[in-house]
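Q: Any chance you could fold what I've pasted below:
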Amino acid sequence: MTVGLFLSKLCTGSLGANCANNVARIAEGLADRINFIHLRNVTRVKDGHFMESDHLDGDVDMFAVMKTLILEQKRRSEEGRSDVRVPFRPDHGRLMAPA
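A: Numbers count the residues shown, from 1 in each chain. Sure, this is the predicted structure:
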């Protein structure tokens, strides 16, 4: 994948809503450009619809995404970079309001 732009934020839920996207592979390919990650998981349902799900229960391989980010932080640290940490924000609090 070739992206000519600087990437600052990656949202796993937005990308995961499209069944054509392999979010883990996208994160791996863009890891050196990710400076913030929004960790959300989604479950895809028929007709292209989706709903937010628990982090480990949806269609996005969150383990693989997190592994990629941890390895990227390690790589940055070994290079002596100042931007080692990749901050994240979890989902939108899908359980805050009753369904």
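
Q: Look up which helix or strand Ile26 falls in, please.
A: Here Ile26 sits within helix 23-30, counting by DSSP states H and E.

Q: Go ahead and produce CSV holding the CA coordinates of that helix.
A: Taking Å, rounded to 0.1, in the frame of the first residue of the first chain, the C-alpha atoms of helix 23-30 are listed here in CSV:
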residue,chain,number,x,y,z
VAL,A,23,-7.2,-3.5,9.6
ALA,A,24,-4.3,-5.5,11.0
ARG,A,25,-2.5,-5.4,7.7
ILE,A,26,-3.3,-1.7,7.2
ALA,A,27,-1.9,-1.0,10.7
GLU,A,28,1.2,-3.0,9.9
GLY,A,29,1.7,-1.1,6.6
LEU,A,30,1.3,2.3,8.2
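
Q: Tell me, how many residues neighbour Cys19?
A: When neighbours are counted by other Cβ atoms under 10 Å, Cys19 registers 10. C-betas here are computed from N, CA, C, even on glycine.

Q: repeat for Val23
A: 25.

Q: Enumerate every residue touching the most centrally placed residue in the chain.
A: When the chain is reduced to its mean C-alpha position, the closest residue under Cα atoms, centre = their mean turns out to be Thr12, at 3.3 Å. Contacts for Thr12 were tallied using Cβ atoms under 8 Å, 6 or more residues apart in numbering; they are Val23, Ala27, Ile37, His38, Leu39, Arg40, Asn41, Val60, Met62, Val65.

Q: Now do the SS call for the third one.
A: At Ile37 the chain is in strand, as set by DSSP: H, G, I helix; E, B strand; the rest coil.

Q: Would you agree it is in contact with Leu69?
A: Yes: at 6.5 Å, Ile37 and Leu69 qualify as touching, with contact defined as Cβ atoms under 8 Å.

Q: any residues in contact with both of those two?
A: Between them, Ile37 and Leu69 share these contacting residues under Cβ under 8 Å, 6+ apart: Ala27, Val86, Phe88.
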